[in-house]
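Colleague: Curious how this folds, go ahead:
(chains A and B)
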Amino acid sequence: GAVVSQHPSWVICKSGTSVKIECRSLDFQATTMFWYRQFPKQSLMLMATSNEGSKATYEQGVEKDKFLINHASLTLSTLTVTSAHPEDSSFYICSARDGAGGPMFFGPGTRLTVL
Amino acid sequence: GENVEQHPSTLSVQEGDSAVIKCTYSDSASNYFPWYKQELGKRPQLIIDIRSNVGEKKDQRIAVTLNKTAKHFSLHITETQPEDSAVYFCAASGGANNLFFGTGTRLTVIP
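Modeller: Here you go, the predicted structure:
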C-alpha cells in the first residue's frame, strides 16, 4: 500500500516550547491529510483536516492557535504544537487517503512528551 | 455526523478459535468500511476493507461482512494465532474524506 512517513518518531520537550511534526506522503499526492491524537488504550481522535493550499479544518474542541497546521505541498503537512504543556503529551498520528475515497494510510506516529 | 460503535471492547480467544468484532454506524450515506489493526506503539495498519456495494469480502483468515439495511459490519478472524493479538478498529466513511473510528477492540489470543 501507499506509504506515509512522519517525523520525528518521538520528541521530549520542556513546557512552553513548540514542537513541529512533519507528515509526508511518499509515493502519492495528498490534497488532504488528517491529524489524530491517541491517548493510551483509546481510539484515534480526529484533531483536524489539513487541506493543501488552504486553511485546516479543526474539530470541535481543538484549539487552532495551539495546534498550527500547514499543508504547503501535495506531499507535506506539518503540525506545530505551540507552547506545549504536559497535558499535550500524547501520540500524534497523521494519515492520508490514496485518491478520493481510497484507502487511508497512517504515518508511524509521533510520541510527544512534555516535561 | 457519523457515529461508529464497536463491540466488544476486549476479547480473549484460544489459539485456533475464531474471533468476531462487530460495529454499527449511523449515517446511511457511509459507503466505505475499513478495519485496522494496531499493535502497541505502532501505526494502525489496514487489514481489510469493504464497500457498500458488496456484502462480504474475504482475505485468507480474515473476512468482513456488511449489512447495509441494519447498518452494521463485522470482522471475522478464523484460526487465530498469537500474532493476531492487537487492537482492532473499525471505521466508516461517506461523502466526507475522513474516517470515523470505532472505540477499538483489544484482542488477545491465548496460546
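
Colleague: Only C-alpha atoms from now on, for both contacts and neighbour counts.
Modeller: OK.

Colleague: Figure out the helix or strand that the closest residue to residue A:77 other than its chain neighbours lives in.
Modeller: Leaving aside its chain neighbours, residue A:77 sits nearest to residue A:71 (4.2 Å; criterion: Cα to Cα, 6 or more residues apart in numbering or on different chains). Per DSSP states H and E, residue A:71 falls inside strand A:67-73.

Colleague: Just want the most central residue of chain A.
Modeller: residue A:35 (3.6 Å; Cα atoms, centre = their mean).

Colleague: Touching, residue A:45 and residue A:36? I think so.
Modeller: Yes - Residue A:45 lies in contact with residue A:36 (Cα atoms under 8 Å); the separation is 5.2 Å.

Colleague: Tell me the residues of chain A that contact chain B?
Modeller: A:34, A:42-44, A:49, A:93, A:97, A:100-101, A:103-109 (Cα under 8 Å from any Cα of the partner chain).

Colleague: What's the local residue count around the closest residue in space to residue A:30 that isn't next to it in sequence?
Modeller: In this structure, residue A:30 finds its nearest non-sequential neighbour in residue A:74, 5.2 Å apart by Cα to Cα, 6+ apart. For residue A:74, the count of nearby residues is 17 (other Cα atoms under 10 Å in any protein chain shown).

Colleague: about what we covered before: identify the farthest-apart pair in the residues of chain A next to chain B.
Modeller: The most widely separated members of the residues of chain A next to chain B, counting by Cα to Cα, are A:42 and A:100 (27.6 Å).

Colleague: mind listing what the least confident helix or strand in chain B by mean pLDDT pairs with, with the direction of each?
Modeller: Between all helices and strands in chain B, the lowest mean by mean pLDDT, DSSP states H and E belongs to strand B:100-101, at a mean of 90. Within its sheet, strand B:100-101 is paired with strand B:86-92 (antiparallel), according to DSSP bridges.

Colleague: what sits up against the partner strand?
Modeller: A:43, B:2, B:4, B:6, B:23, B:25, B:30-40, B:99-108 (Cα atoms under 8 Å, 6 or more residues apart in numbering or on different chains).

Colleague: May I have that strand as CSV, with CA atoms only?
Modeller: Backbone C-alpha positions of strand B:86-92 (Å, rounded to 0.1, in the frame of the first residue of the first chain) are rendered in CSV as follows:
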residue,chain,number,x,y,z
ALA,B,86,-3.6,-6.4,18.9
VAL,B,87,-6.2,-3.6,19.0
TYR,B,88,-8.6,-3.6,16.1
PHE,B,89,-10.5,-0.6,14.9
CYS,B,90,-13.4,-0.4,12.6
ALA,B,91,-14.2,2.8,10.7
ALA,B,92,-16.8,4.3,8.3
